[in-house]
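Asks: Predicted model and sequence below, questions to follow.
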Amino acid sequence: DGSPAYTTNGAPSDCVGLALLGAIPNMPDLVVSGINQGGNLGHDITYSGTVAGAMEAVVGGVPSIAVSLDAREWSDFRAVTGVVVRLARAILAGGLPANTFLNVNAPPVPSNEVKGVLVTRLGQRVYRDVLVEREDPKGEPYYWIGGEPPTGVVEDGTDYGAVARGYISVTPLSMDMTDYQFMEKLGEWLGE
């Protein structure tokens with residue numbers, strides 16, 4: 001359609017940082033980080049390069065959306081791209097609150113089987129990681145973290161619960177991860 005396009009290699013947050021620091025001629029109006037294969041649900045957000053890309057945009061003053069498909073092989077992005085276009089139009093028309101970005105996750109089903117879209121909160125992922133110790137050719141130990149793919153707690157109102165039930169989840173996330181309810185108790189611990 002004649003729109004300029006740019007490509008780069010690197011972690012999503014580094015790629016966004018390059019753009020915001022001037023590697024492209026104009027500051028973007030919106031950053032969409034993803035779509036990647038593999039969900040970013042619940043605790044996953046703390047490990048996610050896709051979410052980190054969206055966070056980097058917010059740090060740079062640009063609204064953003066992180067988008068993931070909760071599947072490793074399925075590649076039917078039609079339903080989730082439709083939702084992202086709707087969200088992008090709304091964000092460009094009305095903005096997001098300061099320090100807020102959206103985390104969108106789609107279920108691993110064909111687009112015509114998606115049940116709808118739900119606004120959610122973060123859910124809980126369940127990891128069953130296993131540490132595997134091996135030895136390199138020089139006899140030095142090295143480690144792999146493996147195990148079963150993560151599951152989660154299917155709970156109403158959560159991102160994991162929505163995706164597990166066949167819905168696209170949209171979770172508003174804040175850059176402020178402070179536990180305000182614990183601050184007073186922490187002050188007591190420190191004698192304040």
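Replies: Right, received. Where do you want to start?

Asks: what pLDDT does the residue most central in space within the chain get?
Replies: With distances taken as CA atoms, centre = their mean, Val51 lies nearest the centre of the chain, 3.4 Å away. Val51 is assigned 98 on the pLDDT scale.

Asks: cool, the one 3 residues further on as well?
Replies: At Ala54, the predicted lDDT confidence score is 98.

Asks: so it touches Asn103, yeah?
Replies: Yes. Using CB atoms under 8 Å, Ala54 is in contact with Asn103, at 7.3 Å. The C-beta positions use only the backbone N, C-alpha and C, and glycine is treated the same way.

Asks: any common contacting residues for these two?
Replies: 65-66 (CB atoms under 8 Å, 6 or more residues apart in numbering).

Asks: circling back to that earlier point, in a strand, the residue nearest to the centre of the chain, correct?
Replies: No. Counting by DSSP: H, G, I helix; E, B strand; the rest coil, Val51 is not found in a strand; it is helix.

Asks: Could you pull up the contacting residues of it?
Replies: Per CB under 8 Å, 6+ apart, neighbours of Val51: 33, 40, 44-45, 66, 103, 173.

Asks: mean confidence score for the lengthiest helix in the chain?
Replies: For the chain, the longest helix by residue count, based on DSSP state H, is helix 78-94. Average pLDDT, helix 78-94: 97.
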